[in-house]
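> Okay, structure incoming, though there's no sequence with it:
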């Protein structure tokens with residue numbers, strides 16, 4: 001009996017709810033440290049700072065939604081820059097992303113001991129918080145070394161619980177301590193904060209929106225990216241913005257700005273040795289909501305455990321993200337290929353995990369300065385976001401007549417180009433924020449610029465001295481060759497599917513390869529859109545048929561115990577879209593099913609098989625029934641590589 005996949009099977013086929021939950025797990029977790037980091041600089045204007053940062057976030061999220069659907073591949077801003085400019089710009093965005101992931105791991109790990117201090121008080125102070133954070137990093141790297149990662153279903157549950165908890169805190173604050181005059185009295189324009197600190201607080205406030213790249217990196221594992229990706233970005237923006245519009249105001253009612261010996265301060269931004277809550281701001285809010293006795297103790301333990309758990313998952317997402325970025329950059333010859341090489345036993349990128357996910361995060365958290373971690377994240381994030389926005393503007397200019405499944409709004413038309421207003425606003429805001437961080441924070445400036453200098457030195461030396469590739473050229477690295485028999489190690493396999501015996505042969509061949517190499521199989525069903533219809537025209541019957549085909553293919557692969565990701569795509573013709581998807585996925589082999597000699601009628605695949613064999617960007621295999629056909633003319637009853 002064919003097994004039907006229900007909506008609960010989110011780990012197999014990611015839709016908008018799973019994308020939202022995973023992204024909210026990253027973005028929503030930042031409230032547990034962003035409140036304190038931002039209040040250090042913004043004081044009574046902290047709520048306003050989060051609103052301004054939220055506007056830039058919404059504009060940039062719209063950029064990511066359009067760009068991700070246009071190029072549904074891992075890499076985010078790095079991928080956009082590759083298509084809009086060249087590999088130099090792509091490397092700059094990717095290297096900035098890497099800095100973001102390093103800091104995300106570090107700052108999440110650093111705050112975990114502070115929230116666990118509800119069980120042991122010394123975890124709030126140095127050196128125990130640093131030691132605890134380092135142990136968290138070591139634990140996560142060790143787990144990922146053997147191939148363990150979080151479940152999407154766990155992300156869904158925690159996202160719901162986390163959002164509910166934050167909403168509960170807002171409601172408790174409104175009921176117990178709401179005083180509309182306090183937010184007004186907290187503000188002392190030009191004094192607390194001064195204008196320089198206020199401007200600096202805006203890019204630091206963007207740390208609240210950690211995880212922008214998460215949805216983009218998961219686009220490859222989404223069945224229907226043209227619908228799910230924009231919906232997920234919109235849902236995350238609304239949910240996060242609603243929390244950051246309300247919870248900071250409640251926090252500053254609980255811990256208002258006070259004049260202490262001529263200095264304005266809020267305990268929300270003070271370190272623990274000054275009886276402040278900069279290192280565990282949400283616990284500070286809970287402690288000052290007016291709760292007492294068992295209610296206060298229970299709420300502190302609950303929030304402490306929840307925060308530590310979500311921050312642990314956010315740190316683990318950073319570990320996974322850094323390895324994904326390393327693999328993508330290595331695949332395009334931006335970093336030495338050794339960083340993406342897999343461990344022979346565990347099939348994980350061990351060197352990348354040790355260096356980028358372990359050593360560097362521990363080094364950045366060692367000083368124990370949350371203001372430095374916040375500004376370093378802003379340095380990398382603002383640069384990456386600015387490149388993403390600039391890339392979409394360039395893509396609109398270079399390809400003004402391109403058909404887009406998702407087109408962000410608002411736009412204005414000038415000289416035949418629909419210029420994206422949202423990307424322009426996002427570019428101006430993020431670029432200005434990056435400049436402010438560099439001007440006002442000398443330590444961050446020199447560390448950040450040194451990070452870029454080291455990265456570009458490696459990039460230039462590797463391309464010119466070792467692989468002899470022009471700096472701006474896009475070149476893919478070949479698949480790994482391992483072992484005494486020089487067996488090809490396929491980590492990414494793409495199989496186009498239709499209803500045919502040839503497709504079943506292709507799936508069986510892919511399952512055998514995947515089982516041997518612990519690979520991921522991407523099964524692709526292409527819905528062909530007639531020329532007389534717009535590319536985003538509703539085709540419910542065709543999409544439903546494609547979904548049934550994907551369900552059947554996944555059920556077949558389940559029996560072989562291999563991991564599969566179903567993708568439903570739209571295109572004018574199946575062949576070019578399959579080739580493009582293999583390129584986006586950086587597939588190491590494309591397995592195509594076909595009837596005898598590829599001449600069967602009644603489905604789109606046979607007329608496209610020659611195109612696929614001719615233009616495929618990777619090794620290709622044709623699985624046919626009853627004969628197999630390869631591009632060099634060999635025939636047989638088994639699949640033959642082309």
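That came in fine, so what should we check first? Computed from a prediction, not measured in an experiment: that's the story for all the values here. Residues are numbered from 1 along each chain as shown.
> Which residues are in contact with the spatially most central residue of the chain?
With distances taken as C-alpha atoms, centre = their mean, the residue of the chain nearest its centroid is residue 214 (1.7 Å). Counting by C-beta atoms under 8 Å, 6 or more residues apart in numbering, residue 214 touches 22, 23, 26, 27, 317, 321. Where you see a C-beta, it was placed from the backbone N, CA and C, and this is true even at glycine.
> so which strand or helix has it?
Using DSSP states H and E, residue 214 falls within helix 212-218.
> quick one: low-confidence ranges for the stretch 251-400 of the chain?
Low-confidence segments of the stretch 251-400 of the chain (pLDDT under 70): 342-348, 368.
> As a check, name the ranges of all strands in it.
In the stretch 251-400 of the chain, the segments counted as strands under DSSP state E, counting those that start in this stretch are 258-260, 263-265.
> between the ones you listed, which one is nearest to residue 338?
Of all these, strand 263-265 sits nearest to residue 338, with 48.9 Å by C-beta to C-beta.
> Just the buried residues of the closest one, please?
Neighbour-count burial for strand 263-265, with 16 or more other C-beta atoms under 10 Å as criterion, is recorded at 264, 265.
> Adjacent strands (with direction) for that strand?
strand 258-260 (antiparallel) (DSSP bridges).
> for the partner strand, the distance to its chain's centre please.
41 Å (C-alpha atoms, centre = their mean, to the nearest Å).
> ok, residues contacting it?
With contacts defined as C-beta under 8 Å, 6+ apart, strand 258-260 is touched by 264, 265, 266.
> what does stretch 532-549 give?
Outside stretch 532-549, the residues that touch it by C-beta under 8 Å, 6+ apart are 223-224, 226, 403-406, 497-499, 525-529, 568, 570, 572.
> could you redo the last one with a cut-off of 7 Å?
Contacts to stretch 532-549, defined as C-beta atoms under 7 Å, 6 or more residues apart in numbering, come from residues 403, 405, 497, 498, 499, 525, 527, 529, 568, 570.
> quick one: which two of these are the most distant?
Going by C-beta to C-beta, the pair spanning these furthest: 403 and 499, at 27.3 Å.
> mind checking how far stretch 420-440 is from the chain centre?
The gap between where stretch 420-440 is centred and where its chain is centred comes out at 20 Å by C-alpha atoms, centre = their mean.
> Next: stretch 326-339.
Mean C-alpha position of stretch 326-339 versus that of the full chain (C-alpha atoms, centre = their mean) differs by 18 Å.
> ok, and for it, which residues are buried?
Neighbour-count burial for stretch 326-339, counted by 16+ other C-beta under 10 Å, picks out 326-337, 339.
> same deal with stretch 265-280?
265-272, 276-280.
> and if you look at stretch 552-569?
Buried residues in stretch 552-569, counting neighbours by 16+ other C-beta under 10 Å, are found at 552-554, 556-557, 562-569.
> Farthest pair within these?
Farthest pair in the buried residues of stretch 552-569 (C-beta to C-beta) is 562 and 569. Separation: 21.3 Å.
> related to what we said a few turns ago, which one of the contacts of strand 258-260 is nearest residue 253?
Nearest to residue 253 among these, with distances taken as C-beta to C-beta, is residue 266, at 10.8 Å.
> what residues are up against the closest one?
For residue 266, the contact set (C-beta under 7 Å, 6+ apart) comprises 39, 43, 252, 255, 256, 257.
> backbone phi and psi for it, please?
Residue 266 adopts backbone torsions of phi -130, psi 140, taken as degrees, to the nearest 10.
> How about the one 4 residues further on?
The phi and psi torsions at residue 270 (degrees, to the nearest 10) take the values phi -100, psi 150.
> Next up, the contacts around the residue nearest to it when sequence neighbours are not counted.
Nearest residue to residue 270 in three dimensions, chain neighbours excluded: residue 276, at 2.4 Å (C-beta to C-beta, 6 or more residues apart in numbering). Counting by C-beta under 7 Å, 6+ apart, residue 276 touches 267, 269, 270.
> Let's see that with 8 Å instead.
Applying C-beta under 8 Å, 6+ apart to residue 276 gives the contacts 267, 268, 269, 270, 284.
> and if you look at residue 567?
When contacts are counted by C-beta under 8 Å, 6+ apart, residue 567 touches 220, 222, 223, 225, 522, 523, 524, 525, 550, 581.
> Mind checking which of those are in helices?
With helices taken from DSSP state H, the overlap with the contacts of residue 567 comprises 225, 550, 581.
> So residue 111: helix, strand or coil?
Taken by DSSP: H, G, I helix; E, B strand; the rest coil, the conformation at residue 111 corresponds to helix.
> ok, it - how many residues close by?
32 (other C-beta atoms under 10 Å).
> so it makes contact with residue 311?
Yes. Under the criterion of C-beta atoms under 8 Å, residue 111 makes contact with residue 311 at 5.6 Å.
> Show me how this protein divides into domains.
The record's domain split for the chain, according to automatic domain parsing, is 16-457, 481-641.
> can you tell me which of these comes nearest to residue 465?
Once the domains of the chain are compared by C-beta to C-beta, domain 16-457 is nearest, at 11.1 Å.
> No more questions from me, cheers.
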